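# fold the stuff below for me.
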Amino acid sequence: MATDQEPPLDSFIKSHRLSRRQVLSALAAGAGAAALGIGPGSGLIVQDAEAATSEFHGAWPYLLPPQGHYNTFITDGTSIGICGIYQDLMEAPLAMYRWHDQKYMWLLGTGDQFANGTDYVVQLHQGARWSDGSPVVAQDVINTWTIWQLLGNTLFDYVDSMHAPNDHTVVFHMKVPSTSVQRYVLHSATANGNISSVRASSVYGSWAKRFRDLLASGHSLSSPEIKALRAQFVQFRPASQIVSGPYQIDPTSITQGQLTLNRNPTSWAKGLVKFDKIVLYNGETATITPVVLAGMVDYATHGFPPATDRAFRQKGFTVISTPTYYGFGILPNYKKVPAFQDATVRQAIMYMINRAQMGPVVEGRGGIPNKYITGMSDKLVPIWLDSATTSKLNTYPYDPQKGVSMLQSAGWKKGSDGIWVTPDGQKATWEVLAEGEYVDILSLATNFASQLAPHGFKLSARTVAFTQANNVRAAGNFQLTSYIWASADPHPHFAWVSDVLQWIPPTTAGPGSGFNVIQKTKNFGTVDLRSLIDQTALGLDVSKQKALCAKMALIYNELVPYFPFVERYGLNPTQAPGSHRVAGWPKPNDPIYLNSPYSDSFVIELLYAGALHPGV
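Here you go, the predicted structure:
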């Protein structure tokens, strides 16, 4: 635990000359330790006060090669080159956001500016090198984003070209000027990987060139040629990972139980981080729990159930609670279950779920019922919405009988067995897709089913492996699914992209949720949600964006395209009793803990700043 004598994070950042620019907008069945072959006497736990090398021990699920691969553009959980939050220590981003002071901590980048009203310009760290010895240059950033354009990233709703006036400057030309371009470029992430991390041209440059050549010859994103290239790229498996960050995976260390990130001697950041190695234990919650309880993990982000959280605290662990700015909810498949196309039905479901009861079931102390139903975290509401707008929001207080009446008004009728039958003849006996390994997501699916059971629904959870779940969702092979809503980004635009646009083409290769972005509303007439979501981040004037965000929040509140039941606060165990491996943890009330444990991970920022260091 931090002491009064430990310098605050700011002093570490300043001492390492990490400049930061004011953000221009106010903007995540197992085996025990013995079964994994890790523990005393295994030869794998080498860090103690007398160890020759210093280690930070984390945990993240990964797949062994060859199923686990190094193509980090594939964010479905299969890329071993990502390792969740630890990707930022390997494929360094340009910057990471600090939520408490709304500034960026510069990493591979050194500064930025909006210029001429249409350009977003980023400066790169001069002298940075890849782990193969080649220099990090502007073309690496351009090639990274060229491939994301191939994969349908939303940045290109705003940006139409990129160029490099020199090796350390990148200019993004905005066909639609937007402050959100800053966030996209500097540090945007998904649940399974960082979008903005700069990738090496030595690995991906030829793919970027092939795509640019097709565009230059007049092919559109929907052309057969580009679709074929996209299909080829998602099967691309690099032989190794070339990194710019301070750590790199040691391929010889990869086992079923753990892997090691060694210090990268060519990295510009090698002198900032204080640990020689990062050891990551493999596994989801059930597997990692006994490893944490054994004191072998210095920090874990898993969704530990309430009983495990209590056990950690009873044993003397420090458990850090931080907002994640996202939550768990239910996404319907609007093509598989057409009855959900009726907004009245979706509103009825909101009334029928007791969110206050669901939250603790899903996430224990960290499961907070979402109040405002805007599609963004409640913590962002007072930043982006004025009191007049907030007062108009329907908070959908628990009232199951009102929900039943609304279903009846929408033409639903109960059969002789007491189960609802929709107007198109479907019985309400649907499956709820969930990752079997994710305790919180699966718990929400089962709690959703149990809460609706007394009111004429017969739902059941359908589990799939976490490495396949998003592919199943993208293909539209589900009826309802439990998953993550909103996004750990400072601007609500990203939350709405996550809730709506992420689950429909062109982002999905298949039909996804089948949601129709053209919707009728009571107060705003017929709207195009894709256009509205894009508009919320338009321009470089945040005050004007707030008016557009207010409109979108009210529309989301009425339409409820994704059921945002529960917000998640991380309950992340650190500092096992008697552990001296890691020192420098800030006090529980330190403002760094306004950062999410995932996107803009406070632990990664503390490691880069050198604030976390070997114990004595």
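
# from here on, contacts and neighbour counts on C-alpha atoms
Noted.

# now the longest helix anywhere in the chain: buried residues?
When the chain is parsed with DSSP state H, its longest helix is helix 542-559. For helix 542-559, the neighbour count (16 or more other CA atoms under 10 Å) marks 542, 545-559 as buried.

# wait, isn't Ile349 in contact with Gly403?
Yes - here Ile349 reaches Gly403: they are 6.2 Å apart, a contact under CA atoms under 8 Å.

# neighbouring contacts of the longest helix of the chain?
Helix 542-559 has contacts (CA atoms under 8 Å, 6 or more residues apart in numbering) with 24-26, 179, 343, 346-347, 372-375, 384-386, 389, 392-394, 492-493, 521, 524, 532-533, 535-539.

# please repeat the previous calculation with a cut-off of 7 Å.
25, 343, 373-375, 384-385, 389, 393-394, 532, 535-538 (CA atoms under 7 Å, 6 or more residues apart in numbering).

# do stretch 399-411 as well
Thr344, Val345, Ala348, Ile349, Tyr351, Met352, Thr422, Pro423.

# redo that, cut-off 6 Å
Val345, Ala348, Tyr351, Met352, Pro423 (CA atoms under 6 Å, 6 or more residues apart in numbering).

# mean confidence for it?
The average of the pLDDT scores along stretch 399-411 is 98.

# only the buried residues of that stretch, if you could.
For stretch 399-411, using 16+ other CA under 10 Å, the buried residues are Pro400, Gly403, Val404, Met406, Leu407, Gln408, Ala410.

# can you tell me the helix or strand for the fourth one?
Right, Met406. Under the criterion DSSP states H and E, the helix or strand holding Met406 is helix 400-409.

# roughly how far does Val137 sit from Met162?
14 Å (CA to CA, to the nearest Å).

# quick one: which of the two has more around it?
Per other CA atoms under 10 Å, whichever of Val137 and Met162 has more neighbours is Val137, with 23 against 20.

# what's the spacing between the more buried one and Ser201?
From Val137 to Ser201 the distance is 9 Å (CA to CA).

# now swap in Asn354 and tell me
For Asn354 relative to Ser201 (CA to CA), the value is 50 Å.

# likewise Pro305?
From Pro305 to Ser201 the distance is 42 Å (CA to CA).

# wait, Trp268 sits on Ala128?
Yes - applying CA atoms under 6 Å as the test, Trp268 and Ala128 come out as touching, 5.2 Å apart.

# apart from its neighbours in sequence, what residue is nearest Gly81?
Nearest residue to Gly81 in three dimensions, chain neighbours excluded: Tyr70, at 4.7 Å (CA to CA, 6 or more residues apart in numbering).

# any idea how far the one you found is from Ile320?
31 Å.

# so for these two, which residue has more residues nearby?
Neighbours were counted for Tyr70 and for Ile320 using other CA under 10 Å; Tyr70 has more, 21 against 18.

# got a list of what that one touches?
Contacts of Tyr70 by CA under 6 Å, 6+ apart are Ser79, Ile80, Gly81, Pro238, Gln241.

# hmm, 10 Å instead?
Applying CA atoms under 10 Å, 6 or more residues apart in numbering to Tyr70 gives the contacts Thr78, Ser79, Ile80, Gly81, Ile82, Phe236, Arg237, Pro238, Ala239, Ser240, Gln241, Ile242.

# how about the contacts made by the third one?
Shown here is Ile80, whose contacts under the criterion CA under 10 Å, 6+ apart are 60-72, 87, 241, 249, 254, 259.

# next: the fifth one.
Shown here is Ile82, whose contacts under the criterion CA under 10 Å, 6+ apart are 60, 62, 68-75, 88-91, 192-194, 249.

# give me the subset of those lying in strands.
Within those, residues falling in strands by DSSP state E are Gly193, Asn194, Ile249.

# by residue count, what's the longest strand in the protein?
In the chain, taking DSSP E as the definition, the longest strand is strand 318-332.

# now Met296. Nearest residue, chain neighbours left out?
Using CA to CA, 6+ apart, the nearest residue to Met296 is His57, at 7.0 Å.

# so the one you found versus Val292, what's the distance?
From His57 to Val292 the distance is 10 Å (CA to CA).

# tell me how many other residues surround the residue lying closest to Ala164 once chain neighbours are set aside.
Closest residue in space to Ala164, ignoring its immediate chain neighbours: Val170 at 4.7 Å, by CA to CA, 6+ apart. A count of nearby residues for Val170, using other CA under 10 Å, gives 24.

# surely Val170 is in contact with Trp145?
No - the criterion here is CA atoms under 10 Å, and Val170 misses it with Trp145 at 11.2 Å.

# any residues in contact with both of the two?
Going by CA under 10 Å, 6+ apart, residues that sit against Val170 and also against Trp145 are Gln139, Met162.

# before we move on, what SS does Pro454 have?
Put simply, Pro454 is helix when judged by DSSP: H, G, I helix; E, B strand; the rest coil.

# show me the contacts for it.
Pro400, Gly418, Ile419.
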